[in-house]
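fold the stuff below for me.
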Amino acid sequence: MKHLFTFLFIFCFAGAFAQRTVGLVQYDVPNTDGYVLFAPMQSTKTFLIDKCGEKIHEWNSAYKAGLSCYLLEDGSLLRCGNVGNPNFTAGGNGGVIEKYNWSGTLTWSYALSDSDHCQHHDVHALPNGNVLAIVWERHAGAEAIANGKNPATTNAFLWSEKIVELQPVGTNGANVVWEWRLWDHLVQDFDAAKPNYGVVSEHPELVDINYVSGPPTSFDWIHMNSIDYNPTLDQILVSSHNLDEFWIIDHSTTTAQATSHQGGNSGKGGDVLYRWGNPQTYDRGNNTTQKLFGQHHATWVPTGYPNAGKILVFNNGFNRPAGDYSSIEMIDPPINGNNYNIDATAAFGPTEAFWTYTASTPTDFYANNISGVYPLIDGSFMITNGPSGYFFEIDSNANTVWKYINPVGNNTASQGSTPTQNLLFRANFYPTDYPAFAGQTLTQLGELELNPLLPSICDSLATTIYETVGQNEIAVYPNPVAETLYINANGLSTYKVEVVNAVGETVLEASNKSRLDVSKLGSGLYFVKLTQRDAAYSLKVLKL
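All right, here's what the predicted structure looks like:
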């Protein structure tokens, strides 16, 4: 028996629904329920929004973002601020680490900024309550030359990197309880009379002081831009933007051991245990073996998530030989106990990423800097395009199911206008059962953008046309619709979809499709008809 299911739909292309330029611009069903935290780079505020794009909470600081922020399990906000250190003016400048309670009270603030040091980009809260921070460490050009750097590529100063573990003390103090300095783990093959001399390819555990990517006399040599911690391994993962690779370092060492090549769980002190992305940095590769290009946000996939223990990284694709496009890479490192396997003359494996995401047309997705990616427990991912100021969720099949455009830049954009300077370092996702939300009243406080459109996309979903078919539900949404019409035909087998205008003309048809591009249809009322033969169910006509 042939059955016809008919829906009456409103297509609103010329009206307000088609003018969503900021805030929530896509909400497919299903997407992963939860909350998103972000700190616009031109703002002193940090926002927590729900997946309907409504503000749930905000925190206010005296500083613009510098750059990362995190919601801790106790409901506190950990945030980096940009103090404007004049000695360190590269992107990612920070200088102060702040902690606010849920009510917005500043409970701890620690400045790490002077003429020779500056916290930058990222921090990480440890299980013991301490905080890991990456810090620029300025060395005079003469000191760099004394350590084997080529004078032809040496400027007045060279910025190296260090990692400090801070134990908060009071409201504005900290004890440095552990420290690692890159300056203790150098190699060079330029001057045999200088320290650190050796064959670079024989020392993948060390960093070549003469390897330079970009301007040869750049102060900002390494440019770390993210830090993560693995409590099971007691290891640290950092991303070096300028060397196009990430490194793993042993955290189980003492500070004294971290200056050496022995000690800790790995037995290798503070040497680099593993590195991936650009084996040219240690003379075991060439431009064909380089995999990362100006990457950001290298993290371990957490325990309990799909592919736990693998490493996820946002590969910006800056200067990628194949063209300007970004990708998400998942790496399966060759771990062996507390160390990582490497052949005597080959680069660290693997030779290819375990999994990669790009846009269907790769060049449609490109973020030349900042940006990041978080795995979600259901196999989805929350991805931030930082310079364009938006973040979006892809499901486990790489379909975009949710998208939000940050309206907050130098000013807050109105709906329908184009936001300016709405950059984001990255947006962090937290599921609804995250401990920080226990006992809190999470009230929707309205959209961040000015002059939000009504109804919101979530309100529109409340008018989704649906009907029960057996034990399943058939749904057609959103209503009104702007560009893409979604059809959830669970319970139906082979079916035909037709879009019919008010005078009965079929203007669009397809078979077994879950998405229809209706962007070229004019505004007005349409019937959406689903025809199928196999089930003895009927569906009444519904309308708004």
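
ok, which stretches of the stretch 401-544 of the chain are strands?
428-431, 465-469, 472-477, 484-489, 495-500, 506-511, 515-517, 524-532 (DSSP state E, counting those that start in this stretch).

and these, which one is worst for confidence?
Within those, the stretch with the lowest mean pLDDT is strand 465-469, showing a mean of 51.

if we can go back for a sec, got a markdown table for the strands of the stretch 401-544 of the chain, with mean neighbour count too?
No exception for glycine: its C-beta is placed from N, CA and C like everyone else's. A markdown table is the format used below for those (neighbours: other C-beta atoms under 10 Å):
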| stretch | mean neighbour count |
| --- | --- |
| strand 428-431 | 19 |
| strand 465-469 | 16 |
| strand 472-477 | 19 |
| strand 484-489 | 19 |
| strand 495-500 | 19 |
| strand 506-511 | 13 |
| strand 515-517 | 15 |
| strand 524-532 | 18 |
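
which one of those strands lies nearest to Gly91?
Gly91 lies closest, by C-beta to C-beta, to one member of the strands of the stretch 401-544 of the chain: strand 428-431, at 19.7 Å.

please save the CA atoms from that closest one in PDB.
Output of strand 428-431 as PDB, limited to C-alpha atoms (Å, rounded to 0.1, in the frame of the first residue of the first chain):
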ATOM      1  CA  ASN A 428      36.000  24.500  25.200                       C
ATOM      2  CA  PHE A 429      33.100  22.000  25.400                       C
ATOM      3  CA  TYR A 430      31.700  20.600  28.700                       C
ATOM      4  CA  PRO A 431      29.000  17.900  28.900                       C
END
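
and it, what other elements does it pack with?
strand 34-38, strand 64-71 (3 or more C-beta pairs under 8 Å, 6 or more residues apart in numbering; DSSP states H and E).

what lines up beside the first one in the sheet?
It stands for strand 34-38. strand 45-50 (antiparallel), strand 428-431 (antiparallel) (DSSP bridges).

quick one: low-confidence parts of the stretch 1-150 of the chain?
Under the criterion pLDDT under 70, the flagged ranges of the stretch 1-150 of the chain are 1-18.

picking up where we left off before, could the strands of the stretch 401-544 of the chain go into TSV alongside distance to Phe392?
Formatted as TSV, the strands of the stretch 401-544 of the chain follow (distance: least, C-beta to C-beta, whole Å):
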stretch	distance to Phe392
strand 428-431	11
strand 465-469	25
strand 472-477	18
strand 484-489	14
strand 495-500	26
strand 506-511	25
strand 515-517	16
strand 524-532	26
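
with distance to Gly94 as added columns, please give the strands paired with strand 34-38 in TSV.
Shown next, in TSV, are the strands paired with strand 34-38 (distance: least, C-beta to C-beta, whole Å):
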stretch	distance to Gly94
strand 45-50	14
strand 428-431	17
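
other residues contacting whichever helix or strand Val373 is part of?
Using DSSP states H and E, Val373 falls within strand 372-375. For strand 372-375, contacts defined as C-beta atoms under 8 Å, 6 or more residues apart in numbering pick out 226, 296-297, 299, 301-302, 305-307, 312-314, 328, 381-384, 386, 425-429.

make a PyMOL selection of the buried ones in those residues.
Here is the PyMOL command that picks out the buried ones among these, judged by 16 or more other C-beta atoms under 10 Å:
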select buried, resi 226+296+297+299+301+305+312+313+314+328+381+382+383+384+386+425+426+427+428+429
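
same for the strand ranked longest in the chain, what does it pack against?
Ordering each strand of the chain by length in residues (DSSP state E) puts strand 157-169 first. When contacts are defined as 3+ C-beta pairs under 8 Å, 6+ apart, strand 157-169 packs onto strand 106-111, strand 131-140, helix 141-146, strand 173-181, strand 235-240.

output stretch 118-133 as CSV, nothing but the C-alphas.
The C-alpha coordinates for stretch 118-133 follow below in CSV (Å, rounded to 0.1, in the frame of the first residue of the first chain):
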residue,chain,number,x,y,z
CYS,A,118,56.4,36.0,30.0
GLN,A,119,53.6,33.4,30.3
HIS,A,120,51.9,33.0,27.0
HIS,A,121,49.1,31.1,25.2
ASP,A,122,48.1,28.3,27.5
VAL,A,123,48.1,26.8,30.9
HIS,A,124,46.9,23.5,32.3
ALA,A,125,45.3,22.7,35.7
LEU,A,126,46.8,19.6,37.3
PRO,A,127,44.9,17.1,39.4
ASN,A,128,46.8,18.3,42.6
GLY,A,129,45.5,21.8,42.1
ASN,A,130,48.8,23.2,40.7
VAL,A,131,49.0,24.9,37.3
LEU,A,132,51.4,24.2,34.4
ALA,A,133,52.3,27.2,32.3
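
that older thread, and of the helices and strands packed on strand 428-431, who's closest to Thr484?
That would be, of the helices and strands packed on strand 428-431 and by C-beta to C-beta, strand 34-38, which comes in at 21.8 Å.

contacts for that closest one next, please.
Contacts of strand 34-38 (C-beta under 8 Å, 6+ apart): 46-51, 56, 69-71, 77, 376, 382, 384, 391, 404, 406, 424, 426-432, 434, 437, 442.

buried ones among these?
Buried subset of the contacts of strand 34-38 (neighbour count, 16+ other C-beta under 10 Å): 46-51, 56, 69-71, 77, 376, 382, 384, 391, 404, 406, 424, 426-430, 437.

where do the helices of the chain begin and end?
For the chain, helices defined by DSSP state H occupy the ranges 141-146, 255-258, 457-461.

reformat those helices as JSON lines; add mean neighbour count.
JSON lines is the format used below for those (neighbours: other C-beta under 10 Å):
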{"stretch": "helix 141-146", "mean neighbour count": "16"}
{"stretch": "helix 255-258", "mean neighbour count": "17"}
{"stretch": "helix 457-461", "mean neighbour count": "18"}
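
how near is the residue positioned nearest the centre of the chain to Ser68?
In the chain, the centroid-proximal residue (C-alpha atoms, centre = their mean) is Gly372; its distance is 1.9 Å. Distance, Gly372 to Ser68, by C-beta to C-beta, to the nearest Å: 9 Å.

list the contacts of Asn369.
For Asn369, counting by C-beta under 8 Å, 6+ apart, the contacting residues are Gly91, Gly294, His296, Asn316, Phe318, Gly386, Pro387.

now these in a markdown table, with distance to Asp208?
Below are those laid out as a markdown table (distance: C-beta to C-beta, whole Å):
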| residue | distance to Asp208 |
| --- | --- |
| Gly91 | 23 |
| Gly294 | 19 |
| His296 | 22 |
| Asn316 | 23 |
| Phe318 | 21 |
| Gly386 | 29 |
| Pro387 | 30 |
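
which of those are buried, as a PyMOL select command?
Filtering the contacts of Asn369 down to the buried ones (16+ other C-beta under 10 Å) takes a single PyMOL command:
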select buried, resi 294+296+316+318+386+387
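
that older thread, so what's the residue nearest to the centre of the chain bridging to?
Thr384.

got the confidence number for it?
In this prediction, Gly372 has a pLDDT value of 98.

how many neighbouring residues does Ala436 have?
Neighbours of Ala436 under the rule other C-beta atoms under 10 Å: 18.

what sits against it?
Contacts of Ala436 (C-beta under 8 Å, 6+ apart): Leu71, Leu72, Glu73, Asp74, Gly75, Ser76, Trp102, Tyr430.

nearest to Val518 among these?
Nearest to Val518 among these: Tyr430, at 33.9 Å, using C-beta to C-beta.

for Ser201, see how far away the residue nearest to that closest one when sequence neighbours are not counted is.
Excluding the flanking residues, the one nearest Tyr430 by C-beta to C-beta, 6 or more residues apart in numbering is Tyr35, at 5.0 Å. Separation of Tyr35 from Ser201 (C-beta to C-beta) stands at 47 Å.
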